[in-house]
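A.B. asks: I'd like to go over a predicted model; first the sequence, then the structure.
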Amino acid sequence: MLGLELREVSKTFGGMRAVDRVSLALPQGQFTCFLGPSGCGKTTLMRIVAGLERPNAGTVLLNGKDITDQPAHRRQFGMIFQSLALFPHLSVEENIAYSMRLRGFDRRQRTSRVAELLELIQLPDIGKRNIAQLSGGQRQRVAIARALAQEPSVFLLDEPLSALDAKLREEMQVELRLLQQRLKITTILVTHDQREAMTMADRIVVMAKGRVQQVGAPLEIYRNPANRFVADFIGLGNLLDAEMMAPDLVSFANRPIRVTPPGEAPVAGARVTLSIRPEDIRIGLGNDDGPDGNSLPARVTFVRDVGANIEARLDCAGRPVVAVTAPRDWVGAGPGDQVRITLPSEACRILTE
């Protein structure tokens, strides 16, 4: 199989299992995000891929070849860490050329390749500058160019954008993704920012407590979370306690709610979680029960206008519910007002874990 593969990889530190029997297949040329909260094992897993940590068990393969015991410097992977680790005593072009000099490239080859990479990161005129003279975004691009100078088969990024301000971070997310698509390098990004993962990845690997919770395309994970943890961690969601009545029907807030039937429906009477995204909830002022009867009365407790949308906190028979709507669709209700909410059945998912 072409690409990177991990088979039953585990890593323990002092009796604590940081990575627990992780198996993944990362196809060549794709952009994958390891996503999860602090301490979930995502950075340890990336360090195992890089060769900076050796697993206690399991195998790492690249294009079918076992590289588990191969040291980091022989893997020739491009790596960028949060600190960037640029050499402050070297110029920009000397930083970019550093790995080529170690590998025996002559001056002419190094000069030509540095010029190509500076063009690639759209900073052709900064080669002679010191690192201290660069902005945060420029340093980020230089770190990318230095990693690409190794002509890596795999590109590893450990939260490299976390130190940037919000606007620059979003710009760099787009630029880095476009660059990866252009070069078609197998790339792994470690992040705890679900928005960053959703923006950049072909595939997301959601992790918690050292284990993989779900692997899939961003929209698939967002719309069809595998369990309560994924639904809660990816985006804003409503996780509502409910009871199964039938394979496509639950009881919530003393009302029957029709849902998208799960693959294996729990038995009637089982306690489950009803999951629905805030943007899927419709808010109205009338008494319309909706096309499938999924309509409930609610009281507005809080309204927040953030410009692009309006977020409403609601009380539905003592159960807190969050809804998000576009300003043009807002009904104008305020705290204390009674409204009616509709939960479209196609947007309602049942989670049992």
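C.D. replies: Cool, the structure landed.
A.B. asks: nearest residue to Glu353 other than its sequence neighbours?
C.D. replies: Asn227 (3.8 Å; C-beta to C-beta, 6 or more residues apart in numbering). The way it works is simple: take the backbone N, C-alpha and C, and place the C-beta from them, glycine included.
A.B. asks: what do you get for Leu164?
C.D. replies: Excluding the flanking residues, the one nearest Leu164 by C-beta to C-beta, 6+ apart is Gly136, at 5.4 Å.
A.B. asks: so where's the protein uncertain?
C.D. replies: For the chain, the stretches with pLDDT under 70 are 1, 286-292.
A.B. asks: The longest helix along the chain - contacts with which helices or strands?
C.D. replies: Longest helix in the chain, counting residues (DSSP state H): helix 166-183. Contact analysis of helix 166-183 by 3 or more C-beta pairs under 8 Å, 6 or more residues apart in numbering; DSSP states H and E lists strand 31-35, helix 136-148, helix 194-200 as its packing neighbours.
A.B. asks: Relative to Leu52, how far out is Val60?
C.D. replies: 12 Å (C-beta to C-beta, to the nearest Å).
A.B. asks: Of the two, give the one with the bigger neighbour count.
C.D. replies: Val60 (23 against 16; other C-beta atoms under 10 Å).
A.B. asks: Now do the SS call for that one.
C.D. replies: Following DSSP: H, G, I helix; E, B strand; the rest coil, Val60 is assigned to strand.
A.B. asks: hey, what's it bridged with?
C.D. replies: Val60 forms beta bridges with Leu6, as assigned by DSSP bridges.
A.B. asks: swap in Glu243?
C.D. replies: Beta-bridge partners, per DSSP bridges, of Glu243: Ser251, Arg271.
A.B. asks: give the contact list for it.
C.D. replies: Listed by C-beta atoms under 8 Å, 6 or more residues apart in numbering, the contact partners of Glu243 are 250-252, 269-272.
A.B. asks: just Ile67 next, same as before
C.D. replies: Ile67 neighbours (C-beta under 8 Å, 6+ apart): 51, 60-61, 75.
A.B. asks: and if you look at Arg110?
C.D. replies: By C-beta under 8 Å, 6+ apart, the contact list for Arg110 reads 97, 100-101.
A.B. asks: Which ones among those map onto helices?
C.D. replies: 97, 100-101.
A.B. asks: one step back: OK, contacts around the residue nearest to Glu353?
C.D. replies: Counted by C-beta under 8 Å, 6+ apart, Asn227 has contacts 213-214, 351-353.
A.B. asks: out of these, who's nearest Ser112?
C.D. replies: The nearest member of those to Ser112, counting by C-beta to C-beta, is Gln214 at 44.4 Å.
A.B. asks: Would you agree the closest one falls within a strand?
C.D. replies: Yes. Gln214 forms part of a strand when assessed by three-state DSSP.
A.B. asks: ok so, going back, give me the buried entries from the ones in helices among the contacts of Arg110.
C.D. replies: 97, 100 (16 or more other C-beta atoms under 10 Å).
A.B. asks: Please report how far the residue positioned nearest the centre of the chain lies from Arg47.
C.D. replies: Centre of the chain computed as the mean C-alpha position; nearest residue by C-alpha atoms, centre = their mean is Ala197, 2.7 Å away. For Ala197, the distance to Arg47 (C-beta to C-beta) stands at 19 Å.
A.B. asks: Can you get me a residue count around the closest residue to Lys209 other than its chain neighbours?
C.D. replies: Sequence neighbours aside, Cys40 is the residue nearest to Lys209 in space, at 6.5 Å (criterion: C-beta to C-beta, 6+ apart). Per other C-beta under 10 Å, the neighbour tally for Cys40 reads 23.
A.B. asks: Dump stretch 272-282 to CSV, keeping only the CA atoms.
C.D. replies: Provided in CSV are the C-alpha atoms of stretch 272-282 (Å, rounded to 0.1, in the frame of the first residue of the first chain):
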residue,chain,number,x,y,z
VAL,A,272,-29.6,7.4,24.5
THR,A,273,-28.3,10.8,23.4
LEU,A,274,-30.1,12.8,20.8
SER,A,275,-27.6,14.9,18.8
ILE,A,276,-28.5,17.8,16.6
ARG,A,277,-26.4,20.8,15.4
PRO,A,278,-27.6,24.3,16.4
GLU,A,279,-27.8,25.5,12.8
ASP,A,280,-30.3,22.7,12.0
ILE,A,281,-32.8,23.8,14.6
ARG,A,282,-35.6,26.1,13.2
